[in-house]
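[1] Quick check, what structure comes out for this input:
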Amino acid sequence: MASKTTAEKLATIQKGYTLEGATIELGAAIIDGELHKDAPVRLPLAMMNRHGLVAGATGTGKTVTLHMMAEQLSTAGVPVFLADIKGDLSGLATAAAGSDKLTARTQSIGQPWQGKAFPVEFLALGGDGNGVPVRATVSSFGPILLSRIMELNDTQESSLQLVFYFADKNGLELIDLKDLRAVIQFLTSDEGKDQLEELGGLSKATAGVILRELVGLEAQGLEKFFGEPEFDTAELLRTAPDGRGVVTCLELPTLQTKPMLFSTFLMWLLADLFEDLPEAGDLDKPKLVFFLDEAHLLFNGASKAFLDAITTTVRLIRSKGVGIFFVTQTPKDVPADVLGQLANRVQHALRAFTPEDAKALKATVSTFPVSDYDLEETLTSAGIGEAVITVMNEKGAPTPVALTRLRAPESLMGPSEETLVRSTVAGSALLGKYGTAVDNPSAYEKLTGKAAAPTGPTADTPAGEPAAPAGYDVDAEARRIEEEILGRPSSRPPQAPVPTQDPEPQYGGAEDGEAHESEPRASKPRAKAPRAPRSRQPQSREPEPQPGGMMGDLGGVLGGALGGGLKSMARSMGTQLGRELLRGVFGTSSRRRRR
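    Below you'll find the model as predicted:
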């Protein structure tokens with residue numbers, strides 16, 4: 001077959017990217033080494049809910065690409081969510097200054113450029129940063145996502161699902177980590193052994209392992225993320241008074257120390273949106289577009305249940321008007337089942353310095369449609385700010401592959417001044433709703449008979465010191481476990497006695513160090529917990545779980561639920577009760593059911 005002339009290749013790209021509806025302008029095509037500003041490369045706005053992939057080696061311009069796309073989405077009235085890994089994306093709030101180099105680039109691709117600032121909302125996980133604190137309740141987070149953070153194996157994950165089931169059935173609200181610890185300690189105590197037996201597959205050894213992992217999370221300061229007021233994901237769908245979409249920028253200053261929390265939190269956001277948003281079908285523009293940077297963190301070491309849930313969410317959330325763009329180094333970072341659903345591809349340069357790099361390059365080339373480019377050569381020689389692009393056109397077919405010089409952002413390509421970020425947060429309408437943590441009565445108070453202590457702003461917490469939730473006194477055993485994990489004396493205060501009318505119960509769920517050591521683990525080795533004294537005093541809790549009855553009838557069913565979790569349980573039950581307890585694709589609890 002004779003090779004095409006440059007004019008024929010140009011005509012192919014011009015025809016392929018001639019679109020009727022609103023578009024995101026990506027740049028101008030490069031054909032046979034020459035830039036053609038009369039061959040613009042575009043992405044249909046209506047097709048952005050078909051999801052996408054922005055990939056490329058470090059330093060090739062991926063962050064600038066999503067920065068540029070976010071600007072145009074905001075201008076089109078589409079809200080955007082960005083995870084700010086390096087702090088650069090805060091520059092969206094500051095207009096960029098022109099330069100001779102920038103002018104030459106924008107003129108070469110036919111881009112009319114003007115410095116602009118965009119409406120940005122800054123968030124921070126649990127207040128870990130300058131942004132508005134974002135929290136989630138343990139109950140809404142669900143057992144699958146929580147298992148992901150704690151790196152539990154499949155058996156332990158299924159057992160945690162049963163703990164959530166028990167709490168759901170008995171009106172024990174799981175708001176923060178101390179609530180979940182209280183429920184597990186109750187189930188492994190003498191007072192709760194009957195209920196533990198009714199749960200069938202939940203062994204005391206497994207419960208002890210989960211309890212130790214919870215203490216580990218508390219020792220890392222992650223308890224600040226779990227609590228109330230819980231962030232309403234509907235806040236991500238807002239537009240500014242001038243009609244532009246609000247760009248929600250999640251600050252991640254300590255990502256390297258908590259990568260699992262970051263990636264899992266993003267899936268919680270998607271799961272919550274998935275549960276709450278109605279079916280929308282095909283829209284002229286999406287309701288929201290997510291850019292998930294460092295996407296490989298989502299999938300590294302993930303359980304099959306977690307991967308299945310991601311795949312299901314990506315497949316189904318499209319029809320609710322939400323687009324997801326994964327940002328990572330190579331397509332190999334994304335599982336094939338997910339990659340197959342990403343219709344829009346922006347592939348920056350790849351390197352082939354090692355045999356593994358060469359294999360990744362060949363695998364990437366194989367995922368593109370047949371084109372007029374030698375993609376192996378093109379992908380290794382593309383410059384910074386250039387990418388190989390193919391997207392879905394308005395008819396649902398892939399556009400021609402085009403090497404593209406990408407547009408320049410109109411806002412600052414770098415971090416905004418910290419004073420601007422702080423003033424933006426201080427003026428945010430969200431700060432009054434989420435800035436102050438609260439500790440309402442929940443499972444911990446019901447099982448221990450203690451009243452929740454008053455809470456104050458998270459800003460009162462001394463910098464660098466993990467703050468325990470208000471009203472929470474960790475017992476001696478938990479402090480000893482923390483000391484083993486951190487290798488230093490515990491900073492947590494000893495438990496203060498609280499006078500009550502009835503004797504105070506003390507649940508000794510983690511005292512059996514031998515049982516903990518016997519539990520098979522897929523990850524890190526564990527230090528043996530010291531044995532703590534057990535209290536056999538009578539308990540005082542509310543409400544009183546009833547032995548037998550519904551719980552007794554479900555014992556056999558729950559005992560066989562370990563393989564498939566609550567979904568399999570609900571299917572096997574085939575009852576209205578089973579349908580009510582189905583917590584969603586990630587085991588999360590939707591806001592409508594939580595209220």
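
[2] for this protein, which spans come out with low pLDDT?
    For the chain, applying pLDDT under 70 flags the ranges 1-2, 201, 254-256, 450-587, 589-595.

[3] and the biggest strand by length in it, which residues are buried?
    Longest strand in the chain, counting residues (DSSP state E): strand 34-44. Within strand 34-44, the residues scored as buried using 16 or more other C-beta atoms under 10 Å are 35-36, 39-44. Every C-beta, even on glycine, is put in place using the N, C-alpha and C of the backbone.

[4] for stretch 142-160, same thing?
    So for stretch 142-160, counting by 16+ other C-beta under 10 Å, buried means 142-153, 155-160.

[5] Kindly report the same for stretch 311-321.
    311, 313-314, 317-318, 320-321.

[6] now the residues you listed in TSV, with secondary structure and distance to S108?
    Formatted as TSV, these follow (DSSP: H, G, I helix; E, B strand; the rest coil; distance: C-beta to C-beta, whole Å):
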residue	secondary structure	distance to S108
T311	helix	41
T313	helix	40
V314	helix	36
I317	helix	38
R318	helix	35
K320	helix	39
G321	coil	35
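
[7] Let me know the closest of these to A295.
    V314 (11.3 Å; C-beta to C-beta).

[8] show me what contacts the closest one?
    Listed by C-beta atoms under 8 Å, 6 or more residues apart in numbering, the contact partners of V314 are 51, 324, 338, 341.

[9] So which of the residues you listed are in strands?
    Per DSSP E, those map to strands at I324.

[10] Neighbour-wise, give me the winner out of the contacts of V314.
    For the contacts of V314, neighbours were counted using other C-beta atoms under 10 Å, and I324 has the most, 28 neighbours in all.

[11] Just list the residues touching it, thanks.
    If you count contacts by C-beta under 8 Å, 6+ apart, then I324 has 51-52, 270, 289-290, 292, 314, 317 around it.

[12] Helices - which of the buried residues of stretch 142-160 land there?
    143-150, 155-160 (DSSP state H).

[13] will you turn these into TSV that also has distance to H348?
    Shown next, in TSV, are these (distance: C-beta to C-beta, whole Å):
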residue	distance to H348
P143	37
I144	33
L145	30
L146	35
S147	34
R148	29
I149	31
M150	35
T155	41
Q156	39
E157	36
S158	40
S159	43
L160	39
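
[14] Tell me the one of those residues nearest D439?
    L146 (19.3 Å).

[15] I'd guessed the closest one sits against V138; true?
    Yes. Between L146 and V138 there is a contact under C-beta atoms under 8 Å: 6.8 Å.

[16] Which of the three states applies to L196?
    helix (DSSP: H, G, I helix; E, B strand; the rest coil).

[17] For it, give me its contacts.
    187-188, 202, 204, 207.

[18] Out of those residues, which sit inside helices?
    Filtering these for helices - DSSP H - leaves 187, 204, 207.

[19] Most neighbours among those, which one?
    Going by other C-beta under 10 Å, A207 tops the ones in helices among the contacts of L196 with 29 neighbours.

[20] where's that one relative to G115, distance?
    Counting by C-beta to C-beta, to the nearest Å, the separation of A207 from G115 is 58 Å.

[21] Now for S428, how many residues are close by?
    S428 has 18 nearby residues by other C-beta under 10 Å.

[22] Thought E121 was touching it, still the case?
    Yes. With contacts counted by C-beta under 8 Å, S428 reaches E121, the gap being 6.3 Å.

[23] ok, back up a step: any chance of a markdown table for the buried residues of strand 34-44, columns distance to M260?
    Shown next, in a markdown table, are those (distance: C-beta to C-beta, whole Å):
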| residue | distance to M260 |
| --- | --- |
| L35 | 43 |
| H36 | 45 |
| A39 | 43 |
| P40 | 41 |
| V41 | 36 |
| R42 | 37 |
| L43 | 32 |
| P44 | 35 |
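
[24] Among those, find me the one that's closest to L222.
    L43 (37.3 Å).

[25] What number of residues are in the vicinity of the nearest residue to T106 once chain neighbours are set aside?
    Excluding its sequence neighbours, the residue lying closest to T106 (C-beta to C-beta, 6 or more residues apart in numbering) is W113, at 4.1 Å. Neighbour count for W113, taken as other C-beta under 10 Å: 17.

[26] how far out from the middle of the chain is the longest helix seen in the chain?
    What stands out as the longest helix in the chain, according to DSSP H, is helix 259-276. Between the mean C-alpha point of helix 259-276 and the mean C-alpha point of its chain there is a distance of 4 Å (C-alpha atoms, centre = their mean, to the nearest Å).

[27] do stretch 397-409 as well
    Worked out by C-alpha atoms, centre = their mean, stretch 397-409 lies 28 Å from the chain centre.

[28] List the buried residues for that stretch?
    Neighbour count says stretch 397-409 has 399-409 buried, by 16+ other C-beta under 10 Å.

[29] ok, now stretch 292-311?
    Result for stretch 292-311 [16+ other C-beta under 10 Å]: buried residues 292-299, 302-303, 305-306, 308-311.

[30] now, the most widely separated pair of the residues you listed?
    D293 and A305 (24.1 Å).

[31] What is the burial count for Y17?
    23.

[32] repeat for Q185
    Per other C-beta under 10 Å, the neighbour tally for Q185 reads 27.

[33] Can you give me the distance of it to R345?
    The gap separating Q185 from R345 is 50 Å, by C-beta to C-beta.

[34] How far away from the center of its chain is the host helix or strand of T378?
    Using DSSP states H and E, T378 falls within helix 375-381. Chain-centre distance of helix 375-381: 33 Å, with C-alpha atoms, centre = their mean.

[35] repeat for stretch 214-225
    Counting by C-alpha atoms, centre = their mean, stretch 214-225 comes out at 17 Å from the chain centroid.

[36] and if you look at stretch 291-307?
    For stretch 291-307, the distance to the chain centre is 9 Å (C-alpha atoms, centre = their mean).

[37] what residues does it touch?
    So stretch 291-307 is contacted by 54, 62-63, 66, 69-70, 80-83, 85, 144-145, 147-148, 151, 153-154, 157, 255, 259-260, 262-263, 266-267, 310, 324-329, 333-335, 337, 565, 586 (C-beta under 8 Å, 6+ apart).

[38] Endpoints of it, how far apart?
    Across stretch 291-307, the terminal residues are separated by 18 Å (C-alpha to C-alpha, to the nearest Å).

[39] Also stretch 84-96?
    End-to-end span of stretch 84-96 (C-alpha to C-alpha): 18 Å.

[40] what's the distance between P286 and T588?
    P286 is 22 Å from T588, by C-beta to C-beta.

[41] returning to what we had before: now for S428 and E121: what residues contact both?
    Common neighbours of S428 and E121 (criterion: C-beta under 8 Å, 6+ apart): V132.

[42] returning to what we had before: next helix or strand past the longest strand of the chain?
    Sequence order places strand 52-55 as the next helix or strand after strand 34-44, per DSSP H and E.

[43] So which bits of stretch 195-206 are buried?
    For stretch 195-206, burial by neighbour count (16+ other C-beta under 10 Å) applies to 195-196, 198-206.

[44] Just the CA atoms from that stretch would do, formatted as CSV, please.
    Only the C-alpha atoms of stretch 195-206 are listed here, as CSV (Å, rounded to 0.1, in the frame of the first residue of the first chain):
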residue,chain,number,x,y,z
GLN,A,195,-23.4,-12.0,69.0
LEU,A,196,-19.9,-12.9,67.6
GLU,A,197,-21.0,-16.6,67.4
GLU,A,198,-24.1,-15.5,65.5
LEU,A,199,-22.0,-13.8,62.9
GLY,A,200,-20.5,-17.2,62.1
GLY,A,201,-17.5,-16.5,59.9
LEU,A,202,-16.0,-13.7,62.1
SER,A,203,-13.3,-15.2,64.2
LYS,A,204,-11.9,-13.5,67.3
ALA,A,205,-8.4,-13.7,65.8
THR,A,206,-9.5,-11.8,62.7
